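Peer 1: Build the 3D model from these lines:
(3 chains)
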Amino acid sequence: MNDLINVYNALLDEYGHQGWWPIIDYNGSNPTKTGSIKGYHPKDYSFPVNDSQRFEICAGAILAQNTGWINVEKSLVNLKREGLLCAEKIVNSVLQVRELIKPSGYFNLKAGYLENFSRFYLKLNGRIPERKELLAVKGIGKETADSILLYAYKVPVFIVDAYTKRMFNFLGVIDSVDYENIRLFFEGNLPKDYELFEEFHALIVEHAKNFYSKKPYGAGDFLKKII
DNA sequence: TTCCAGGCAATAC
DNA sequence: GTATTGCATGGA
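Peer 2: Residues are numbered from 1 along each chain as shown, chains lettered A, B, ... in the order given. The predicted model follows:
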């Protein structure tokens, strides 16, 4: 049998549908409340439903680099409140952006990254970007590029994050730390279905938060028994 | 207090 | 090609 499908089914059974990528409800009474179901949309893979949501996902992917989502959401809410959560405004307000995104860390770097990406985004003029083009933007690495492609554009690329590497090496499903190697393994052994890829990645993160954040990584992981 | 977070680019071997 | 380092806030 396919180990990846077995793992996916076990994770879905354990945690249920994750409703990624979170879309913030800025009209809610407490838009900064996160980690809750607010902003998530289990079993609904229709997002983004407009350009504003699409850009929000892209910006969130950049701000989420090595940073907890709660802090990312604070920055996104700050940007939205000031009307700066869009490419057109960001390119002309970099200094202001820099202050507004402080909660999500690396604010000097990420302000530049958001500016670079925004210029690129505007040039796209609605077109779906190529992976190669995204990687050419300074600040957009492999994981961020693939997060944008999968969650903002529904392109079926498999996202490989630090958790994915740790978890599947521990389980013995893979024996590699090379990003492209791992990505192609997942893409080659799963149906090329963006909904499946979105759900699987979200489930991996949820599971890894429980079993692969603290050393020794993998301790107590019940998945070890089904592989 | 220490450790970690849904990485990336620059630099050193 | 692989290993290391700086970047930064906030929560556990």
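
Peer 1: List the contacts of the closest residue to DNA strand B within chain A.
Peer 2: Taking CB to the nearest atom of the strand, DNA strand B has its nearest neighbour within chain A at residue A:141, 2.3 Å off. The C-beta positions use only the backbone N, C-alpha and C, and glycine is treated the same way. Residues in contact with residue A:141 (CB atoms under 8 Å, 6 or more residues apart in numbering) are A:65, A:135.

Peer 1: The one 3 residues further on now?
Peer 2: Taking CB under 8 Å, 6+ apart as the criterion, residue A:144 is in contact with A:61, A:62, A:65, A:134.

Peer 1: Now with 10 Å, please.
Peer 2: A:58, A:61, A:62, A:63, A:64, A:65, A:113, A:117, A:134, A:135, A:137, A:159 (CB atoms under 10 Å, 6 or more residues apart in numbering).

Peer 1: Tell me how chain A divides into domains.
Peer 2: For chain A, automatic domain parsing gives the domain ranges A:1-18+A:156-227, A:46-153.

Peer 1: Over the shortest one, what's the mean pLDDT, rounded is fine.
Peer 2: So the one you mean is domain A:1-18+A:156-227. Averaged over domain A:1-18+A:156-227, pLDDT sits at 96.

Peer 1: roughly how far is it from the heart of the chain?
Peer 2: 14 Å (CA atoms, centre = their mean, to the nearest Å).

Peer 1: With the last one instead?
Peer 2: Centroid separation for domain A:46-153 versus its chain: 11 Å, with CA atoms, centre = their mean.

Peer 1: Quick one: end-to-end distance for that domain.
Peer 2: Using CA to CA, to the nearest Å, the end-to-end distance of domain A:46-153 comes out at 11 Å.

Peer 1: so does that domain get close to DNA strand C?
Peer 2: Yes. Using CB under 7 Å from any atom of the strand, we find that domain A:46-153 touches DNA strand C at A:66-68, A:70-71, A:74, A:102-110.

Peer 1: Which of these fall within helices?
Peer 2: Among the residues of domain A:46-153 next to DNA strand C, DSSP state H puts A:70, A:71, A:74, A:107, A:108, A:109, A:110 in helices.

Peer 1: thinking again about what came up before, which pLDDT value goes with the residue of chain A closest to DNA strand B?
Peer 2: Per the predicted model, pLDDT is 98 at residue A:141.

Peer 1: and if you look at residue A:32?
Peer 2: Residue A:32 is given a pLDDT of 48.

Peer 1: where does the residue of chain A closest to DNA strand B sit relative to residue A:176, distance-wise?
Peer 2: 18 Å (CB to CB, to the nearest Å).

Peer 1: just residue A:26 next, same as before
Peer 2: Taking CB to CB, one finds residue A:26 at 41 Å from residue A:176.

Peer 1: What of residue A:196?
Peer 2: Residue A:196 is 22 Å from residue A:176, by CB to CB.

Peer 1: Looking at those two, which is more packed in?
Peer 2: When neighbours are counted by other CB atoms under 10 Å, residue A:196 and residue A:176 differ, and residue A:196 comes out ahead with 16 against 12.

Peer 1: If we ignore the residues flanking it in sequence, what's nearest that one?
Peer 2: residue A:190 (6.3 Å; CB to CB, 6 or more residues apart in numbering).

Peer 1: So what's the residue count around that neighbour?
Peer 2: 17.

Peer 1: hang on, isn't it packed against residue A:184?
Peer 2: No. With contact defined as CB atoms under 10 Å, residue A:190 does not count as touching residue A:184 (11.1 Å).

Peer 1: I appreciate the help and will end here.
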